[in-house]
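Peer 1: Model the following, please.
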Amino acid sequence: MGRGRQKAKATKQARDMKYFSPATDYSALQRELTGPGSRASSRRTEAIEPVEPDYSEYADKYADEIDDDSGGSGSRRIG
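Peer 2: Now for the predicted structure:
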């Protein structure tokens, strides 16, 4: 198949996908998203705060390297 025919076919397929609108079953979608045995009304409404990772072990591990780089001739600053 030549490039012109190939491009025309790809364009037709893209247009068909763009304008295709199947009937959506919103109740089935809601059941799928809420999971088995869950009710949408029983869900938590309060925001869940993210848990901060504990970096204290890394601070102790790399504290010497940070102190060494603070004023030595080995550090190079650009900018």
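
Peer 1: from here on, contacts and neighbour counts on C-alpha atoms
Peer 2: OK.

Peer 1: quick one: average confidence on the lengthiest helix in the chain?
Peer 2: In the chain, with assignment by DSSP state H, the single longest helix is helix 3-19. Computed over helix 3-19, the mean pLDDT rounds to 93.

Peer 1: mind checking how far residue 55 is from residue 61?
Peer 2: For residue 55, the distance to residue 61 (C-alpha to C-alpha, to the nearest Å) stands at 10 Å.

Peer 1: To clarify, my last question referred to residue 14.
Peer 2: Taking C-alpha to C-alpha, one finds residue 14 at 55 Å from residue 61.

Peer 1: so where do the helices sit in the protein?
Peer 2: Counting by DSSP H, the helices of the chain are 3-19, 26-34, 56-69.

Peer 1: out of the ones you listed, nearest to residue 46?
Peer 2: Closest to residue 46 of the helices of the chain, according to C-alpha to C-alpha: helix 26-34, at 16.7 Å.

Peer 1: low-scoring stretches of the chain, by residue?
Peer 2: 1, 37-45, 65-77, 79 (pLDDT under 70).

Peer 1: swap the cut-off to 90 and go again
Peer 2: Low-confidence segments of the chain, defined by pLDDT under 90: 1-3, 20-25, 29, 34-79.

Peer 1: okay, now residue 46: neighbour count?
Peer 2: Residues contacting residue 46 under the criterion other C-alpha atoms under 10 Å number 6.
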